[in-house]
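**Q** Here is my input, please return the structure:
(one chain, ligands or ions: 1)
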Amino acid sequence: MSLLRAQRIHKSYTTGTPVLLDVSFALEKGQCLGLVGESGCGKSTLARCLLGIEHIDDGSLLFEGVPIHGLSERRLRPYRKHIQAVLQNPSAALNPKLTIKDSLLDPYLQFGDQVRLRHFQYANRHDFARQLLEAVELPAALADRYPHELSGGQKQRATIARAISIEPSVIILDEPTASLDVLSQAAVLGLLDRLREQLGIAYLFISHDLAAVHAMSQAIMVMQDGAIVDHFRKEELFDSERHPYTQELVAMFE
Ligand SMILES: Nc1ncnc2c1ncn2[C@@H]1O[C@H](COP(=O)(O)OP(=O)(O)OP(=O)(O)O)[C@@H](O)[C@H]1O
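**A** Below you'll find the predicted structure:
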């Protein structure tokens, strides 16, 4: 059974223009599924629907076969711990008033009594934060700093540490390196890839950067104007039967 399955999802905002059109896919355990498409095609809207931040107008979303669309916040809560997110802007994702340690501990304080950790061990706050910082290759001394005292790359590593802290099944990565310089981008993508292998977490990796998506993913979906126009295995990217839009993206990539 797939971990996360979207079936024939449709969504419009109040303006009425469809933003997601008949979107279907399945994310398997431990897989990185890439989603590529140009700005405004609907990628972040899909991410927000999967996270339960936006509602869908039609279709279904299933987590391990259980419908999770249209649930009240209270009924959605048991699923929130399984699906975490790392978004584009780490400065917006970290509370400026909290130390890095307190931000890292936040998901565990919310869900720790409901999760069974296999990789990390919670003995006390300080040691847990140390393990998480170590997992994302940050020095333990950063635990007591505030977000404004970290570089962009360090902040994004901290948001990744927070996302993995309760060992979710899925992380939605929405342009996770967009705000970083080229060297930090490569380092953060390498880190994410290693963590997926170590922790067995599945990613939906959303990006406008086909090269990054190709490097990270086992399967790739291409979105155009809210529809998935192509969906293929990584090895099939250069095949001649690719959708014309995919071929346009490939021409830019080469
Ligand atoms: N809250 C909203 N209300 C109305 N329209 C919205 C809202 N959020 C997004 N849109 C519109 O939906 C469309 C898809 O936006 P979305 O942010 O999902 O695209 P995207 O592919 O993630 O773009 P980018 O790569 O630039 O982040 C756009 O036309 C956008 O203007």
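**Q** which ones are touching the residue nearest to the spatial centre of the chain?
**A** Closest to where the C-alpha atoms of the chain average out (CA atoms, centre = their mean) is residue 172, at 1.7 Å. Neighbour list for residue 172: 47, 50-51, 83-86, 203-204, 206 [criterion: CB atoms under 8 Å, 6 or more residues apart in numbering]. For the C-beta atoms, the positions are set from N, CA and C on the backbone; glycine is no exception.
**Q** Show me where this protein has its strands.
**A** Under the criterion DSSP state E, strands of the chain are mapped to 4-12, 18-27, 32-36, 58-63, 66-67, 83-86, 170-174, 202-207, 219-224, 227-233.
**Q** May I see these arranged in CSV, with distance to the ligand and mean pLDDT as well?
**A** Shown next, in CSV, are these (distance: least, CB to the nearest ligand atom, whole Å; pLDDT from 0 to 100):
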stretch, distance to the ligand, mean pLDDT
strand 4-12, 9, 97
strand 18-27, 4, 97
strand 32-36, 9, 98
strand 58-63, 16, 96
strand 66-67, 23, 94
strand 83-86, 13, 95
strand 170-174, 7, 97
strand 202-207, 7, 97
strand 219-224, 7, 98
strand 227-233, 12, 98
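**Q** Out of those, the one nearest residue 107 is which?
**A** Minimum separation from residue 107 across these (CB to CB) falls at strand 83-86, 7.2 Å.
**Q** Show me how far the closest one is from its chain's centre.
**A** Distance of strand 83-86 from the chain centroid (CA atoms, centre = their mean, to the nearest Å) equals 5 Å.
**Q** buried residues in it?
**A** The neighbour-count check on strand 83-86 (16 or more other CB atoms under 10 Å) flags 83-86 as buried.
**Q** before we move on, back to that, skip the chain neighbours and tell me the closest residue to the residue nearest to the centre of the chain.
**A** Once flanking residues are discounted, residue 172 sits nearest to residue 85: 4.5 Å by CB to CB, 6 or more residues apart in numbering.
**Q** Residue 236 now?
**A** Nearest residue to residue 236, sequence neighbours excluded (CB to CB, 6+ apart): residue 242, at 7.4 Å.
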